[in-house]
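In: got a structure for you, letters missing:
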Ligand code: ASP
């Protein structure tokens with residue numbers, strides 16, 4: 001969907017809670033809708049009070065990390081060894097400042113840590129033991145890995161192990177009888193000054209091999225922002241989003257080829273499908289257009305266009321579907 005720009009109100013916001021193929025009978029999922037609505041409400045209030053796009057997406061993703069319904073922070077999916085390995089990234093559209101972290105299990109808010117990496121170190125991307133050491137040095141809140149593990153995720157992992165599968169969070173596989181499992185989280189925003197920002201946080205894929213890194217923390221793949229083009233946060237088969245260079249190719253299509261946001265997103269998603277992936281993205285361009293495409297059966301999402309109204313949707317229909 002593309003909406004016309006209204007400069008009198010530059011504020012835009014979009015949020016996702018992951019994509020996948022849940023059972024058609026999964027129902028209305030009122031808890032997930034309420035969570036999306038609540039987080040979008042807080043982010044919108046921040047933006048209306050003059051917060052930067054960067055602050056709005058950081059806070060939105062932090063709130064989603066704290067919500068066990070989604071695959072990030074508390075309630076993140078587990079790797080083959082039953083451990084959480086969390087990834088997150090943030091990008092500021094004004095200057096492409098960015099921070100990213102991969103494979104951590106002891107930092108309470110991976111997105112806050114990514115933000116601190118961006119603002120308080122000379123580097124961009126941290127992983128492994130050095131990352132958790134840095135988190136302590138930076139004074140991030142630390143927790144034990146078990147803090148993130150929920151009974152639902154253990155159950156989901158057991159089902160995936162029995163089936164020998166590595167899965168996207170929302171998938172409706174015969175073995176996956178847990179429709180209370182939800183996805184990667186991300187937010188994009190355009191603030192009152194017209195600046196863009198993007199943030200994404202995830203536990204990755206259920207039953208993934210330990211050490212696997214998805215698209216989320218790879219700047220220019222699952223997360224990207226540039227004030228000259230768009231801010232984008234992805235969800236789906238991370239390997240295919242990395243292979244397609246999703247975020248940066250979206251920027252290139254808009255900034256270099258002059259394509260509009262819908263076309264640029266559609267082509268980028270076609271490339272993901274070409275590389276056998278599925279999922280979707282949320283994106284806001286420099287003119288305030290919003291695109292929320294996905295090629296899976298669903299993508300949990302909320303967004304705010306020029307009229308300032310919060311819309312929430314899960315299925316392929318637009319408003320409220
Ligand atoms: N894109 C994430 C990953 O591959 C998974 C997801 O979006 O649910 O790590």
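Out: Thanks, I have it. Being a predicted model, the structure only gives us computed values, none of them experimental.

In: how about the residues of the stretch 201-321 of the chain near the ligand?
Out: Residues of the stretch 201-321 of the chain lying close to the ligand by CB under 6 Å from any ligand atom are 202, 204-205, 214-216, 222, 235-236, 238, 279. Where C-beta positions appear, they are placed from N, C-alpha and C, glycine not excepted.

In: Residue 214: how many residues sit nearby?
Out: 26 (other CB atoms under 10 Å).

In: Check residue 120 too.
Out: Neighbour tally, residue 120, other CB under 10 Å: 12.

In: likewise residue 269?
Out: Neighbour tally, residue 269, other CB under 10 Å: 25.

In: do the same with the one 3 residues further on
Out: Neighbour count for residue 272, taken as other CB under 10 Å: 25.

In: re the thing from before, for the residues of the stretch 201-321 of the chain next to the ligand, give me TSV that also has pLDDT, secondary structure and distance to residue 62.
Out: TSV is the format used below for those (pLDDT from 0 to 100; DSSP: H, G, I helix; E, B strand; the rest coil; distance: CB to CB, whole Å):
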residue	pLDDT	secondary structure	distance to residue 62
202	97	strand	14
204	95	coil	18
205	92	coil	22
214	96	coil	20
215	97	coil	20
216	98	coil	15
222	98	coil	18
235	97	strand	17
236	95	strand	22
238	95	helix	21
279	95	strand	22
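
In: any idea where the strands of the chain begin and end?
Out: Here the chain has its strands, by DSSP state E, at 12-20, 86-92, 98-104, 125-127, 185-190, 196-202, 223-225, 230-236, 279-285, 290-291, 298-304, 310-313.

In: Next, name the residue at the spatial heart of this structure.
Out: Centroid check for the chain by CA atoms, centre = their mean gives residue 186 as the closest residue, at 2.6 Å.

In: Spit out the contact partners of that one.
Out: Residues near residue 186 by CB atoms under 8 Å, 6 or more residues apart in numbering: 15-16, 61, 198-201, 216, 222-223, 233-235, 282.

In: which of those residues lies closest to residue 304?
Out: Of all these, residue 15 has the smallest distance to residue 304: 9.0 Å, by CB to CB.

In: Report the buried residues of stretch 304-313.
Out: Buried residues in stretch 304-313, counting neighbours by 16 or more other CB atoms under 10 Å, are found at 304-306, 310-313.

In: What of stretch 93-107?
Out: When burial is assessed from 16+ other CB under 10 Å, stretch 93-107 yields the following buried residues: 93-94, 97-107.

In: One more: stretch 130-145?
Out: Applying 16+ other CB under 10 Å to stretch 130-145 flags 131-132, 134-135, 140 as buried.

In: how about these in JSON lines, adding distance to the ligand and pLDDT?
Out: Below are those laid out as JSON lines (distance: CB to the nearest ligand atom, whole Å; pLDDT from 0 to 100):
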{"residue": "131", "distance to the ligand": "17", "pLDDT": "98"}
{"residue": "132", "distance to the ligand": "19", "pLDDT": "96"}
{"residue": "134", "distance to the ligand": "22", "pLDDT": "98"}
{"residue": "135", "distance to the ligand": "20", "pLDDT": "98"}
{"residue": "140", "distance to the ligand": "21", "pLDDT": "98"}
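
In: mind putting those residues in CSV, distance to residue 22 included?
Out: Formatted as CSV, the buried residues of stretch 130-145 follow (distance: CB to CB, whole Å):
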residue, distance to residue 22
131, 32
132, 33
134, 37
135, 34
140, 33
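
In: Helix or strand with the lowest mean pLDDT in the protein?
Out: Every helix and strand of the chain was ranked by mean pLDDT, DSSP states H and E. The lowest is helix 151-163, at a mean of 87.

In: Off-centre distance for that one?
Out: 22 Å (CA atoms, centre = their mean, to the nearest Å).

In: what ranges of the chain fall below the confidence cut-off?
Out: Filtered on pLDDT under 70, the chain yields the residue ranges 1-7, 23-27, 167-182, 318-321.

In: one step back: any idea which of the buried residues of stretch 304-313 is the one closest to the ligand?
Out: residue 313 (17.2 Å; CB to the nearest ligand atom).

In: sorry, back to before: from the contacts of residue 186, which is closest to the ligand?
Out: The closest of the contacts of residue 186 to the ligand turns out to be residue 235 (CB to the nearest ligand atom; 3.5 Å).

In: ok so, going back, among the residues of the stretch 201-321 of the chain next to the ligand, who's most crowded?
Out: Sorting these by how many neighbours each has (other CB under 10 Å) puts residue 235 first, at 35 neighbours.

In: right, and that one touches residue 280 too?
Out: Yes - using CB atoms under 8 Å, residue 235 is in contact with residue 280, at 6.0 Å.

In: and the direction of the longest helix along the chain versus that of strand 298-304, what angle?
Out: Secondary structure of the chain per DSSP state H: the longest helix is helix 30-48. Angle, helix 30-48 to strand 298-304, by axes from the mean of the first three to the mean of the last three CA atoms, to 10 degrees: 30 degrees.
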